[in-house]
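**Q** Need a 3D model of the following:
(2 chains)
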Amino acid sequence: DGGITQSPKYLFRKEGQNVTLSCEQNLNHDAMYWYRQDPGQGLRLIYYSQIVNDFQKGDIAEGYSVSREKKESFPLTVTSAQKNPTAFYLCASSSTGNIQYFGAGTRLSVL
Amino acid sequence: GQQLNQSPQSMFIQEGEDVSMNCTSSSIFNTWLWYKQEPGEGPVLLIALYKAGELTSNGRLTAQFGITRKDSFLNISASIPSDVGIYFCAGQLRSGGSNYKLTFGKGTLLTVNP
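**A** Next comes the predicted model:
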């Protein structure tokens, strides 16, 4: 099936730990995005990438890092510098300038 | 940055009723999108609007792109229990190098009582 796969579905982070969220797409989309969703809030953009080996900060990039080594993959690392990491994280992809399609999300909690 | 005001924040309706929600912006967009999100899942695209004044339907859903390009509404007719979820509007302004960014409203939580 074509689509966007996020893993894991649930993730727990200990104090001072970095964790990485996976996002893979087989839609042949050039652009990929990471959003953070908090209860009662809209989606806020963390990072986006329009092409392999290039990415830009979104509105709330502090405490996060990304890489885009392959077209299909856009992993997000939540670093220990992110003091409030508990949230629902959503990955999306699109062909150039077009509609974004979303994965099923990863829920990150702090132990 | 751009702000999207989505209202109402939540709605509690009886099955069979019609629903209306809207988004307004402080600045213009050239694309409006409506998504639905169910608990624990990612948003799913319902309707995309590309032209001011455009009225588009998808089954029981109808959405319009406002003439001023600063607003959009979504109507759901004859609601059913599976309409439950959070509905998000999103605007996109295609310009220059950051033409892929979407601005999202905070969502409308819809509850349908059978």
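
**Q** for B:Ser82, phi and psi?
**A** phi -80, psi 0 (degrees, to the nearest 10).

**Q** so how far is A:Leu76 from A:Gln6?
**A** Distance of A:Gln6 to A:Leu76, given as CB to CB, to the nearest Å: 10 Å. C-betas here are computed from N, CA, C, even on glycine.

**Q** just B:Ala78 next, same as before
**A** Counting by CB to CB, the gap from B:Ala78 to A:Leu76 is 40 Å.

**Q** which strands and helices sit next to the helix or strand bottoming out on mean pLDDT in chain B?
**A** Across the helices and strands of chain B, mean confidence by mean pLDDT, DSSP states H and E is lowest for strand B:102-104: a mean of 89. Packing contacts for strand B:102-104, counted by 3 or more CB pairs under 8 Å, 6 or more residues apart in numbering or on different chains; DSSP states H and E, involve strand A:43-51, strand B:85-92.

**Q** export those to a markdown table and tack on mean neighbour count?
**A** A markdown table is the format used below for these (neighbours: other CB atoms under 10 Å in any protein chain shown):
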| stretch | mean neighbour count |
| --- | --- |
| strand A:43-51 | 21 |
| strand B:85-92 | 24 |
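
**Q** Minimum distance to B:Gly59: which of the ones you listed has it?
**A** strand B:85-92 (14.4 Å; CB to CB).

**Q** what is the mean pLDDT for that closest one?
**A** Averaging pLDDT along strand B:85-92 yields 95.

**Q** Run through the bridge partners of the residue nearest the centre of chain A.
**A** For chain A, the residue nearest the mean C-alpha position is A:Trp34 (3.2 Å; CA atoms, centre = their mean). Residues in a beta bridge with A:Trp34, per DSSP bridges, are A:Tyr47, A:Cys91.

**Q** wait, doesn't it sit right on A:Ser65?
**A** No: with contact defined as CB atoms under 8 Å, A:Trp34 does not reach A:Ser65; the gap is 10.5 Å.

**Q** Please identify every residue contacting each of the two.
**A** Counting by CB atoms under 8 Å, 6 or more residues apart in numbering or on different chains, the residues touching both A:Trp34 and A:Ser65 are A:Leu76.

**Q** Near chain A, which residues of chain B are found?
**A** By CB under 8 Å from any CB of the partner chain, the part of chain B that sits against chain A consists of B:1, B:4, B:6, B:9, B:33, B:35, B:40-45, B:48, B:88, B:90, B:94, B:98-102, B:104-107.

**Q** rerun at 6 Å
**A** B:Glu41, B:Gly42, B:Pro43, B:Ala48, B:Arg94, B:Asn99, B:Tyr100, B:Phe104, B:Gly105, B:Lys106 (CB under 6 Å from any CB of the partner chain).
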